[in-house]
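[1] Build me a model:
(one chain, ligands or ions: 1)
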Amino acid sequence: MEIHRADFLCSNTDWKKCPDLHLPEYAFIGRSNVGKSSLINSLTNNKKLAKTSGRPGKTQLINHFKINNSFLFADLPGYGYAKVSKKTRASFQEFTLRYLEKRKNLICLFLLIDLRISPQKIDLEFMEYCAVKQIPFIICFTKADKIKKREVESKVTEYQNKLKETWEEMPLHFVTSSISKAGCNDVLMFIRDQNKLFH
Ligand code: GDP
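    Have a look, this model is predicted:
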C-alpha cells in the first residue's frame, strides 16, 4: 500500500471533538524526540505533514489526518519531556489517556521506542497501562539506521528480555527508520490488513 494523500483535519485536546468519521484510526505516541513526526512523514511521503523540529515537547495536541481518504492517523502528544511544567504535563497526559480509552475507532496505537536507548520506565509503565485498559498497541522501534544491523537485533532482544519479566506474550513490533524507510512498508501492510477487517 502507498499513501498518496494525507490531509490535516484538526487539532484537539478533547476526545469528544475529534473527527466523527466512521474510519479506522491509527495513533502514534512516544517520548519526545523519539522520531514520531519523522515516521509519520515517512509513512505518508510528506516531509511536512507532522512537524519535525529540534524542540522536543512541542506537539501537545491530538492532531488528526485523513489518509488516502480511507483511514485516519492521530499524532498524539509526546510524553516525558522534563522541560514542560508538571501541570501542563499532567493535563496533556490526562487528555491523551482519555482519548485512548474512549476512541472507539482506534484500531491500534503505535508506541514508538528509540532502539538505541535502553528500556525506559515511562515506556514500560505506559505499556502496562495499555494492557490494563485493553488498548491494542504495537511497538515501533525507531532510528534503526543509526546502528549496525547486528546491533539492531541485539537491541530488540534486549528489549524483549526486559518485557519478558512482566509480559507473557510479546507485543508485536516493527523496526523502522525514517531515513532509510526500513520497516515503513511493514507498517503500511499491517494497516492495509487491519483496514480490511474494519466495518
Ligand atoms: P518527535 O519529537 O518524536 O516528533 O521526533 P522528530 O520526528 O522530530 O525527530 C527527532 C529527531 O530525531 C530529529 O532530529 C530527527 O531528524 C531525528 N530522527 C527521527 N527519526 C529518525 C530516523 O529514523 N533516523 C535518524 N537517523 N534520525 C531520525
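[2] how about the helices in this protein?
    36-44, 86-102, 121-133, 149-164, 184-197 (DSSP state H).
[3] Out of those, which one sits most buried?
    By mean neighbour count, with neighbours taken as mean count of other Cβ atoms under 10 Å, helix 36-44 ranks first of the helices of the chain at a mean of 24. In short, each C-beta sits where N, CA and C put it, glycine included.
[4] Next, the angle helix 184-197 makes with that one.
    Orientation check (axes from the mean of the first three to the mean of the last three Cα atoms, to 10 degrees): helix 36-44 against helix 184-197 gives 70 degrees.
[5] how far is helix 36-44 from where the chain is centred?
    On the basis of Cα atoms, centre = their mean, to the nearest Å, helix 36-44 sits 10 Å off its chain's mean C-alpha point.
[6] near the ligand at all, that helix?
    Yes: shown here: helix 36-44 in contact with the ligand (Cβ under 6 Å from any ligand atom) through 36-38.
[7] just to revisit the earlier point, list just the one of the helices of the chain that sits closest to residue 62.
    Closest to residue 62 of the helices of the chain is helix 86-102 (Cβ to Cβ; 5.7 Å).
[8] is it possible to export the helices of the chain to JSON lines including mean pLDDT?
    Shown next, in JSON lines, are the helices of the chain (pLDDT from 0 to 100):
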{"stretch": "helix 36-44", "mean pLDDT": "95"}
{"stretch": "helix 86-102", "mean pLDDT": "82"}
{"stretch": "helix 121-133", "mean pLDDT": "91"}
{"stretch": "helix 149-164", "mean pLDDT": "95"}
{"stretch": "helix 184-197", "mean pLDDT": "97"}
